[in-house]
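Q: what follows is a predicted protein model with its sequence.
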Amino acid sequence: MQEQVAVLLARMTLDQKIGQMTQPERMHVTPDEVKRYHIGSVLSGGGSCPGDNRPADWVAMNDAYWAASMEEDGDHLAIPILYGVDAIHGNANVLGATIFPHNIGLGAMRDPDLVERIGVVTAREVRAAGVDWTFAPTLAVAHDPRWGRTYESFSEDPELVAAYAGRMVKGLQDSGVAACAKHWVGDGGTRAGVDQGDTVVDEEELRRVHTAPYTAALEAGVLTVMVSLSSWNGEKCHGHRYLIQDVLKGEMGFRGFVVSDWNGIDPLADDYTEAAVMAVNAGIDMFMVPETWQAFIAGLRERVEWGHVPIERIDDAVARILRVKFLCGLFERPRPWGRRGSNGSSFGSREHREVAREAVRKSLVLLKNDAGVLPLDKGARILVTGPAAHDRGRQCGGFTVEWQGVGGNGAIEGGTSVWEGIRAVAPEAVLWGEGGDGTAVGELPDTHDFDATVVVVGERPYAEGLGDIREPGPVRPGTNHLPAGPGALQPYGNTLELAALHPEALRLIRGLAAQGIPVVTVLISGRPLVVSAELDASRAFVSAWLPGSEGAGVADVLFGDHDFVGRLPMAWPGEMPGGGEGTEGGRGGVLFPRGYGLSATRK
Ligand code: BGC
């Protein structure tokens, strides 16, 4: 295969080589341009979806890009395009996909075998859309729940992240989808949990905590690695030659290709071309330059001609990209419409959803169960309520259909809300209020006809820096399609206290508890929150993370068909961690240590 790569490389012009290294976003590049500029890869940013957003629309789009990339004439070589998406919890951009719990929930399962099966199912649903590459798994080791991407991290424990890394890569890649370990490196270690912030640690700690999971991913043969938008000790990872060239490619022997993150090269220098030169020389091979790809191509070409970037570096980058394309069988695959599994019937199938439901069951962590209120009796009269009780969008979180996720049930086709799962097993259960954000919490229902109440509360969907907890102020947009409207660039809030972020939750829980009925609280959140007041007022308390489309997995456990097996993947704070960016910050008192979790075996 090295031979095939060398032969192809020897035939390529400088324009063709630079084109291979360039990755525009689908909204900003046509199939004609893919051919004209010899583009090597195209991506969808979160929520960037073709047509009616059905698998067939995706296959049609990919087919058109593929056909353009495969035309061969005097000016263009046939090299198949590699299309990338964020299938970070299932192929969740696409309508009707099976949506898995976000990584933090998978961390609670402590089940590497299931993680591999999730990788297999995800890959099948990615291939159903005619796509060959996903920007997953995220191998961040999150240490501060204020970080808006905490839910993308399996755990604060590098060993657990490492134990999952290889299995997820294997599940995806054995099923024909190239994986991408991200974000190299230290994304989860930034001060005060600021997204795209600065990870201030010595090299020993960086290696022990943050690079360790990559060793497992590399052993499993991960084909690509994405660079982090964060910095290490004040230096941007995107320009970090030591970390990329020396450590990852040299010492660790990574032979795949390194891709930059969304506009990740921009902050390296005031001059865009200068930034591009720095990033290429630091060892990045492919460039996610969503809108500015033409400037990237023109600038890099000029600087190679000036000798600012050695041609050997360009050749190395292109050889790595071609090698990955050969290794994942792209040259042998027929056009997307002709591929097995394209627009296939397993997409969103019952069988796939069963795997997600199993993950939901295993990811729930029981934090409190006074007087054995759980498991509930299926014949009991149960009042179900709360803003997250009947909202499939909310339980999926960010990176679902839209970059920032969606609220309500409309955009999540298939699957079950928590309420729908309960209704299916407990015929006497009643939903009070609409269950969505419309739930009227001002007036409370009369509970005297009920035996228990299940209250589902928690965070609204968010992604990246817009999920940060910090003082109000602009969040670097850096990415994707920003939602319109005022406040769009603000962080989620300035406290981890649920009672301050969403006071309606506590009002509801307390109001119901005051009527003497046992309250079972289910928390939907991308991270541990400070919930001491809600815990006190509840008889039982379940952390459900962001369970995804299969809310029925919650009912499986609440009613005792399965026991709680989830254990905290991160310590649970009892108070808000102190300190802002630029300070050491306190961890916040620990209420429950990592590994905590009760069972509710029926007595
Ligand atoms: C994120 C990446 C993601 C990329 C493409 C960036 O904003 O940091 O994790 O893969 O967008 O959507």
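A: All right, it came through fine.

Q: centroid-nearest residue for the chain?
A: I88 (4.0 Å; CA atoms, centre = their mean).

Q: from A552, how far off is it?
A: Distance of I88 to A552, given as CB to CB, to the nearest Å: 22 Å. Placement of C-beta: from N, CA and C, glycine included.

Q: do E413 as well
A: Distance of E413 to A552, computed by CB to CB: 15 Å.

Q: ok, now I412?
A: Between I412 and A552 the distance is 13 Å, computed by CB to CB.

Q: between the two, who's got more neighbours?
A: I412 (28 against 23; other CB atoms under 10 Å).

Q: doesn't the more buried one belong to a helix?
A: No. With DSSP: H, G, I helix; E, B strand; the rest coil as the criterion, I412 is coil rather than part of a helix.

Q: next up, the contacts around it.
A: Shown in contact with I412 (CB atoms under 8 Å, 6 or more residues apart in numbering): I99, R392, G393, C396, T400, V401, V406, S549.

Q: wasn't L367 part of a helix?
A: No. Applying three-state DSSP, one finds L367 to be strand, outside a helix.

Q: what parts of the chain come near the ligand?
A: Listed as neighbours of the ligand in the chain under the rule CB under 6 Å from any ligand atom: G45, G46, D86, F135, K182, L229, D261, W262, E464, T479, N480.

Q: against H183, how distant is the nearest residue to the third one once chain neighbours are set aside?
A: Spelled out, that is D86. Leaving aside its sequence neighbours, D86 sits nearest to F135 (CB to CB, 6 or more residues apart in numbering; 5.0 Å). Using CB to CB, one gets 9 Å for the distance from F135 to H183.

Q: find residues that contact each of the two.
A: Common contacts of F135 and H183, defined by CB under 8 Å, 6+ apart, comprise M226.

Q: domain ranges for the protein, per the record?
A: Here the domain parsing of the chain from automatic domain parsing is 2-338, 364-592.

Q: would you list those domains in a markdown table and tack on distance to G348 and mean pLDDT?
A: Below are the domains of the chain laid out as a markdown table (distance: least, CB to CB, whole Å; pLDDT from 0 to 100):
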| stretch | distance to G348 | mean pLDDT |
| --- | --- | --- |
| domain 2-338 | 4 | 98 |
| domain 364-592 | 5 | 90 |
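
Q: among those domains, which is nearest E354?
A: Of all the domains of the chain, domain 364-592 sits nearest to E354, with 8.4 Å by CB to CB.

Q: quick check: end-to-end length of the closest one?
A: Domain 364-592 stretches 15 Å from its first residue to its last (CA to CA, to the nearest Å).

Q: residue contacts, the residue nearest to P445 when sequence neighbours are not counted?
A: Spatially, and ignoring its direct neighbours in sequence, P445 is nearest to W432 (4.7 Å; CB to CB, 6+ apart). Residues counted as contacts of W432 (CB under 8 Å, 6+ apart) are L383, V384, T385, T439, P445.

Q: show me where the stretch 1-150 of the chain has strands.
A: Secondary structure of the stretch 1-150 of the chain (DSSP state E, counting those that start in this stretch): strands at 22-23, 41-43, 82-85, 133-134.

Q: need these in JSON lines (columns: mean neighbour count).
A: Supplementary listing: the strands of the stretch 1-150 of the chain in JSON lines, determined by neighbours: other CB atoms under 10 Å:
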{"stretch": "strand 22-23", "mean neighbour count": "24"}
{"stretch": "strand 41-43", "mean neighbour count": "25"}
{"stretch": "strand 82-85", "mean neighbour count": "26"}
{"stretch": "strand 133-134", "mean neighbour count": "24"}
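
Q: so which of those strands gets nearest D75?
A: Of all those, strand 22-23 comes closest under CB to CB, at 16.7 Å.

Q: what pairs with the closest one, parallel or antiparallel?
A: strand 287-288 (parallel) (DSSP bridges).

Q: what residues does the strand it pairs with touch?
A: Residues contacting strand 287-288 (CB under 8 Å, 6+ apart): 21-23, 43, 259-265, 276, 279, 293, 296.

Q: inside strands: which ones of these?
A: T22, Q23, L43, V259 (DSSP state E).

Q: any chance of those in a markdown table, plus distance to T199?
A: Shown next, in a markdown table, are the ones in strands among the contacts of strand 287-288 (distance: CB to CB, whole Å):
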| residue | distance to T199 |
| --- | --- |
| T22 | 28 |
| Q23 | 25 |
| L43 | 25 |
| V259 | 20 |
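
Q: could I get the full set of helices for the stretch 501-603 of the chain?
A: For the stretch 501-603 of the chain, helices defined by DSSP state H, counting those that start in this stretch occupy the ranges 503-513, 532-537, 552-558.

Q: from the contact counts, what lies against the first one?
A: With contacts defined as 3 or more CB pairs under 8 Å, 6 or more residues apart in numbering; DSSP states H and E, the secondary structure elements packing on helix 503-513 are strand 382-385, strand 452-458, helix 498-501, strand 519-524, helix 532-537.

Q: mind checking which of the ones you listed is nearest L95?
A: strand 519-524 (21.4 Å).

Q: between that closest one and strand 365-369, how many degrees?
A: Note on geometry: by axes from the mean of the first three to the mean of the last three CA atoms, to 10 degrees, strand 519-524 and strand 365-369 are set 160 degrees apart in direction.

Q: who touches strand 519-524?
A: Here strand 519-524 makes contact (CB under 8 Å, 6+ apart) with 373-374, 376, 386, 388, 394-395, 418, 452-459, 498, 509, 512-513, 529, 531, 534-535, 537-547, 554, 558.

Q: stretch 335-347 now?
A: Taking CB under 8 Å, 6+ apart as the rule, stretch 335-347 contacts 55-56, 59-60, 62-63, 66-67, 70, 91, 94, 96-98, 124-125, 127-130, 333, 352.

Q: among these, which lie within helices?
A: Of the positions in the contacts of stretch 335-347, P55, A56, V59, A60, N62, D63, W66, A67, R124, E125, R127, H352 sit in helices, assigned by DSSP state H.

Q: return the most buried member of the helices of the stretch 501-603 of the chain.
A: Mean neighbour count (mean count of other CB atoms under 10 Å) peaks for helix 552-558 among the helices of the stretch 501-603 of the chain, with a mean of 26.

Q: show me the contacts for A555.
A: Applying CB under 8 Å, 6+ apart, we find A555 in contact with V418, G421, I422, A424, V425, A426.

Q: the fourth one contacts A552, correct?
A: Think A424. Yes. Between A424 and A552 there is a contact at 6.5 Å, judged by CB atoms under 8 Å.

Q: mind putting the strands of the stretch 1-150 of the chain into TSV with distance to H238?
A: Formatted as TSV, the strands of the stretch 1-150 of the chain follow (distance: least, CB to CB, whole Å):
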stretch	distance to H238
strand 22-23	14
strand 41-43	17
strand 82-85	17
strand 133-134	20
